[in-house]
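In: Quick one, fold the following:
(chains A, B, C and D)
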2 protein chains.
Amino acid sequence: MPKVPPAAGRPRAFVPDEALRGALDVFWRKGYKATSLDELTAAMQLSRSSFYACFGSKHAAMLAAVRSYADNFYAAICGVAADEVEPARALANILARIADVHGGPHGCFFLNSVTELAPHDPELAEFSRGHLQRITDLLAGLFARLGFAPGQAGDRATAALALAMGAVSLRKAGMTSAQVQVVLDQQQWLLTRP
Amino acid sequence: MPKVPPAAGRPRAFVPDEALRGALDVFWRKGYKATSLDELTAAMQLSRSSFYACFGSKHAAMLAAVRSYADNFYAAICGVAADEVEPARALANILARIADVHGGPHGCFFLNSVTELAPHDPELAEFSRGHLQRITDLLAGLFARLGFAPGQAGDRATAALALAMGAVSLRKAGMTSAQVQVVLDQQQWLLTRP
DNA sequence: TCAGTTGTGGACTGATTAGTCCATAATAGT
DNA sequence: ACTATTATGGACTAATCAGTCCACAACTGA
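Out: Predicted coordinates:
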């Protein structure tokens, strides 16, 4: 998380959030380890000094980028869940969004980061668990609105999330978007009562 | 792929396949970029000279490890499909195996490798597509034996694979195995006729 | 205008990287 | 035993790595 601007002294020549977007972009394309500090600062359009003064370390910048990405995504699907009056349509919308936004050749930045770093990064691992939990809770709420009992709703939510993440993984592993579309087309199984 | 032993000269002090297992192990635990050549050769129990003489480069060793891992896995599930007379049980067995073998904190080595390298490694990307295809074909064959029409069987196979891969991803992202088990428990949806 | 404070460019550092090279060891064939 | 051939250990290299540091720039408040 970037520090707040001070009351006095030379002002920053960059907006931390915009720089973070640049970091997110390059980390997404290349991964954490494969991104050198020169590439990173070039993508963020700031000097090494400014980078370290504002973000602390490469690792901290990575965590900030992941958090920003995940928080934005969660806010977006919360919006969908709130705006859409039909829970079934909200679910379809959210699952499609997962597979769509993250379905390019570079996959889902959250999944990429967790895959690369989580086994050796307790901080990221913990954030990952929390993120998964809040998404699952949101989906479970939608299933509950469809009439499922609480336990059933949670199970369906987990299954739905697994299906969407599997679609993203298949896409990244080289399946065409047309092939993967099949997965989402069949998601309505999840909406049927047991 | 390791070279064949020569007819004359000093014999190798190691078995290439065993060394490759060591490479697989450390690449699985740490990832490609995060594994230094010192760690790699230590895990393989051979010197730099022997490593380069036999495997050519770090990247080539990685590809060999991925191929070996994926081929072994495919051979295993082929065995299950051939041995099990009930297609439904074969499917359940295979999906459980995917989520089980690859469900530890380090996830699936194939998925990890594809996630880290495929976007910038055409050779791995192509192998990945082929591997996905042969698995999907195998699963589709089982669905066909269950009575599904060819197109339907292919769609179900893709969905089943997505579900299993999603379960692996959820597990790696920090869900407990108990939570993820729910996903596989609900896989029987896939076996029902449309 | 000047002191105090913070931001910035870029040179610098020591560690680490993948990969090379060579002297020597160990074998097979003769 | 000798030659040809291959394997091995480990020193070596040139490049790159993340991170530090400092002289200087740009601002606020007085």
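In: Give me the most central residue, chain A.
Out: A:A70 (3.8 Å; Cα atoms, centre = their mean).
In: Touching, it and A:L111? I think so.
Out: No: in this structure, A:A70 is not within contact of A:L111 by Cβ atoms under 8 Å, at 10.5 Å. C-beta: built from backbone N, CA, C; applies to glycine.
In: shared neighbours, these two?
Out: Here A:A70 and A:L111 have no joint contacts, going by Cβ atoms under 8 Å, 6 or more residues apart in numbering or on different chains.
In: which ones are touching A:A76?
Out: A:R97.
In: Skip the chain neighbours and tell me the closest residue to A:L138.
Out: A:A81 (5.9 Å; Cβ to Cβ, 6 or more residues apart in numbering or on different chains).
In: what about the one you found, distance to DNA strand C?
Out: 38 Å (Cβ to the nearest atom of the strand, to the nearest Å).
In: element containing that residue?
Out: Under the criterion of DSSP states H and E, A:A81 resides in helix A:58-83.
In: What mean pLDDT does that helix get?
Out: In this model, helix A:58-83 carries a mean pLDDT of 97.
In: What residues sit buried inside it?
Out: A:58, A:61-70, A:73, A:77, A:80-81 (16 or more other Cβ atoms under 10 Å in any protein chain shown).
In: Stretch A:138-155 too?
Out: A:138-146, A:148, A:152-155.
In: Dump these into a markdown table; add secondary structure and pLDDT as well.
Out: Formatted as a markdown table, the buried residues of stretch A:138-155 follow (DSSP: H, G, I helix; E, B strand; the rest coil; pLDDT from 0 to 100):
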| residue | secondary structure | pLDDT |
| --- | --- | --- |
| A:L138 | helix | 98 |
| A:L139 | helix | 97 |
| A:A140 | helix | 97 |
| A:G141 | helix | 97 |
| A:L142 | helix | 96 |
| A:F143 | helix | 96 |
| A:A144 | helix | 96 |
| A:R145 | helix | 95 |
| A:L146 | coil | 94 |
| A:F148 | coil | 95 |
| A:Q152 | helix | 93 |
| A:A153 | helix | 96 |
| A:G154 | helix | 96 |
| A:D155 | helix | 95 |
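In: mind putting those in TSV, distance to A:N93 included?
Out: Shown next, in TSV, are those (distance: Cβ to Cβ, whole Å):
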residue	distance to A:N93
A:L138	12
A:L139	12
A:A140	16
A:G141	14
A:L142	10
A:F143	14
A:A144	17
A:R145	14
A:L146	14
A:F148	18
A:Q152	21
A:A153	18
A:G154	20
A:D155	21
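In: just those residues now: which is nearest A:A43?
Out: When those are compared for distance to A:A43 (Cβ to Cβ), A:L138 wins out at 31.5 Å.
In: wait, isn't the closest one in contact with A:V80?
Out: No: the criterion here is Cβ under 8 Å, and A:L138 misses it with A:V80 at 9.4 Å.
In: Just checking the distance from the helix holding A:A81 to the centre of its chain.
Out: Relative to its parent chain, helix A:58-83 has a centroid offset of 6 Å by Cα atoms, centre = their mean, to the nearest Å.
In: So it, near DNA strand D or not?
Out: Yes: Helix A:58-83 is in contact with DNA strand D by Cβ under 7 Å from any atom of the strand, via A:58-59.
In: Ok, stretch A:35-46 next?
Out: Yes: using Cβ under 7 Å from any atom of the strand, stretch A:35-46 reaches DNA strand D at A:35-38.
In: Going by neighbour count, which residues of that stretch are buried?
Out: A:35, A:40-41, A:43-44, A:46.
In: One more: stretch A:180-194?
Out: Applying 16+ other Cβ under 10 Å to stretch A:180-194 flags A:180-184, A:186-187, A:189-191 as buried.
In: Check stretch A:163-183 too.
Out: Buried-residue list, stretch A:163-183, by 16+ other Cβ under 10 Å: A:163-175, A:179-183.
In: for it, how far is the first residue from the last?
Out: 8 Å (Cα to Cα, to the nearest Å).
In: Run through who's touching it.
Out: A:95, A:98-99, A:102-108, A:111, A:184, A:187, A:190, B:111, B:114-115, B:118-119, B:125-126, B:128-129, B:131-132, B:154-155, B:158-159, B:161-167, B:169-170.
In: quick one: which of the residues you listed sit in helices?
Out: A:95, A:98-99, A:111, A:184, B:111, B:114-115, B:125-126, B:128-129, B:131-132, B:154-155, B:158-159, B:161-167, B:169-170 (DSSP state H).
In: Can you tell me the closest non-neighbouring residue to A:A118?
Out: Closest to A:A118 by Cβ to Cβ, 6+ apart is A:A125, at 4.5 Å.
In: next one: A:G147
Out: That would be A:R193: by Cβ to Cβ, 6+ apart, it lies 7.3 Å from A:G147.
In: pLDDT value on that neighbour, please?
Out: 72.
In: cool, and A:P6?
Out: The model's pLDDT for A:P6 equals 49.
In: what bits of chain A have low per-residue confidence?
Out: A:1-7, A:101-103, A:194 (pLDDT under 70).
In: Go again with 50.
Out: A:1-6 (pLDDT under 50).
In: Now it against DNA strand C: closest residue?
Out: A:G9 (2.0 Å; Cβ to the nearest atom of the strand).
In: Would you list the phi and psi of that residue?
Out: Backbone torsions for A:G9, taken as degrees, to the nearest 10, come to phi 90, psi 180.
In: how far away is it from DNA strand D?
Out: Counting by Cβ to the nearest atom of the strand - A:G9 and DNA strand D are separated by 5 Å.
In: With A:V15 instead?
Out: 14 Å.
In: Count the residues that sit near that residue.
Out: Residues lying near A:V15 (other Cβ atoms under 10 Å in any protein chain shown) number 11.
In: go on, the one 5 residues further on?
Out: Neighbour count of A:L20, defined by other Cβ under 10 Å: 21.
In: Now do the same contact list for it.
Out: Shown in contact with A:L20 (Cβ under 8 Å, 6+ apart): A:2, A:44, A:61, A:64-65, A:68.
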